[in-house]
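Asker: Fold the following and give me the result.
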Amino acid sequence: MTDLSIALVQLRSEKGDIEGNLGRHRAAIEAAAARGVRLVVFPEMSITGYIDPTRWPASVLSLDSPEIARFLALTCGTGVTAVAGLVEARPGQKPFITQIVAADGALVAVYRKRHVVDDEADWFSAGPAEPTVFSVGGVRVGVAVCADIDNPAVYRDCAAAGAQVIVHASAPGLYGEQATRNWQSGHAWWRNECMTKDAAHARENGVYVVAATAAGRTIDEDFPGGGFAFAPDGSCFAATADWSEGVLDVAIPAPLRSSGQANTRSCPGSGSNRSG
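Answerer: Next up, the predicted model:
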């Protein structure tokens, strides 16, 4: 078994701009494939943007929609498995916040966010209380989404189902006026959330946890960015420097072991907002 290479994409996904967002996914997947990356992780709702489904009903997608077929096709012939997010239609009911997994042009796994709280509960339904785990190069990978960070059962259930790595895809919206946005404090808040809670989930379950976060300014909301990777002892072995859009590449060593010895680098140094 070789190391599992992962690209954690801090993506700006404009709300309702599915065409533009798919273009950004294409560019990231093609670049990752050229680097030999095996797994690409996009943030929560990366395809649709973090939308209010009542304001952007045309951007609420079913899994068999042409837009999702186009996303799946981006992985054809690349050797890349890609994890991306959307608002998933449920006719007659509130939609799901869904993360899908694509490989070789096919849909290989689906996760519906379990921990839906606060204002999100007005718009979205919670997913079923069961884990989603898939394989990449012999490594078992579980999925968590944003506010799942506050539900240890999501991580515990993934580990119990055999996950050795858990990907945490997020889009935590920042409070406050866009005109006076303090990106540093917004990023520091989310960084601290991951440095404490994702680190604890990694340590308590003996797994790697890697996080990819929506970044940048959208039409009416800003996002803090941040890519982070934690070893099974809870130590951070990789992190982005700030809130910027971009990609953090990490490698999970093979065979998997319970110490943080994967492409080790120091983590940069740590306010309240919506946990998405």
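Asker: pretty sure Thr213 contacts Gln10?
Answerer: Yes. At 5.8 Å, Thr213 counts as touching Gln10 under the criterion of CB atoms under 8 Å. In this view, the C-beta of every residue, glycine as well, is placed from N, C-alpha and C.
Asker: So which of the two has more stuff around it?
Answerer: It is Thr213, of Thr213 and Gln10, that has more neighbours when counted by other CB atoms under 10 Å, with 30 against 25.
Asker: re the thing from before, overlap in contacts of Thr213 and Gln10?
Answerer: Contact criterion CB atoms under 8 Å, 6 or more residues apart in numbering; residues shared by Thr213 and Gln10: Pro43, Gly225, Gly226, Gly227.
Asker: tell me which element Arg24 falls in.
Answerer: Secondary structure assigned from DSSP states H and E places Arg24 in helix 18-34.
Asker: and that helix, how far from the chain's centre?
Answerer: 15 Å (CA atoms, centre = their mean, to the nearest Å).
Asker: can you tell me which residues contact Glu88?
Answerer: Val60, Leu61, Ser62, Leu63, Pro95, Phe96, Ile97, Thr98, Arg112.
Asker: And these, which of them are buried?
Answerer: Val60, Leu61, Pro95, Phe96, Ile97, Thr98, Arg112 (16 or more other CB atoms under 10 Å).
Asker: okay, those residues in a markdown table with pLDDT, distance to Glu30 and secondary structure next?
Answerer: Formatted as a markdown table, those follow (pLDDT from 0 to 100; distance: CB to CB, whole Å; DSSP: H, G, I helix; E, B strand; the rest coil):
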| residue | pLDDT | distance to Glu30 | secondary structure |
| --- | --- | --- | --- |
| Val60 | 98 | 27 | coil |
| Leu61 | 98 | 22 | strand |
| Pro95 | 98 | 29 | coil |
| Phe96 | 98 | 28 | strand |
| Ile97 | 98 | 27 | strand |
| Thr98 | 98 | 24 | strand |
| Arg112 | 98 | 28 | strand |
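Asker: now, which of those sits nearest Gly20?
Answerer: Using CB to CB, Leu61 is the member of these that lies nearest Gly20, at 15.0 Å.
Asker: distance of the spatially closest residue to Pro43 that is not a sequence neighbour from Ser62?
Answerer: Residue nearest to Pro43 in three dimensions, not counting chain neighbours: Ala214, with 4.0 Å by CB to CB, 6 or more residues apart in numbering. Applying CB to CB, to the nearest Å, the value for Ala214 to Ser62 is 22 Å.
Asker: And for Leu86?
Answerer: For Leu86 relative to Ser62 (CB to CB), the value is 9 Å.
Asker: helix/strand/coil for the most centrally placed residue in the chain?
Answerer: The centroid of the chain falls nearest to Ala169 when counting by CA atoms, centre = their mean (1.6 Å). Taken by DSSP: H, G, I helix; E, B strand; the rest coil, the conformation at Ala169 corresponds to strand.
Asker: quick one, what contacts it?
Answerer: Listed by CB under 8 Å, 6+ apart, the contact partners of Ala169 are 41-44, 46, 83, 85, 99, 143-146, 211-212.
Asker: go on, Val116?
Answerer: Counting by CB under 8 Å, 6+ apart, Val116 has contacts Ile97, Phe124, Ser125, Ala126, Gly127, Ala147.
Asker: Count the neighbours of the closest residue to Arg35 other than its chain neighbours for me.
Answerer: Using CB to CB, 6+ apart and skipping residues adjacent in sequence, the residue nearest Arg35 is Asp249, 7.0 Å away. If you count neighbours by other CB under 10 Å, Asp249 ends up with 16.
Asker: can you check Val80 too?
Answerer: Residues lying near Val80 (other CB under 10 Å) number 24.
Asker: next one: Ser125
Answerer: Using other CB under 10 Å, Ser125 is surrounded by 17 other residues.
Asker: Report the spatially closest residue to it, excluding sequence-adjacent ones.
Answerer: Lys94 (4.4 Å).
Asker: What is the neighbour count of the one you found?
Answerer: 15.
Asker: name the element it belongs to?
Answerer: Here Lys94 is assigned to no helix or strand, by DSSP H and E.
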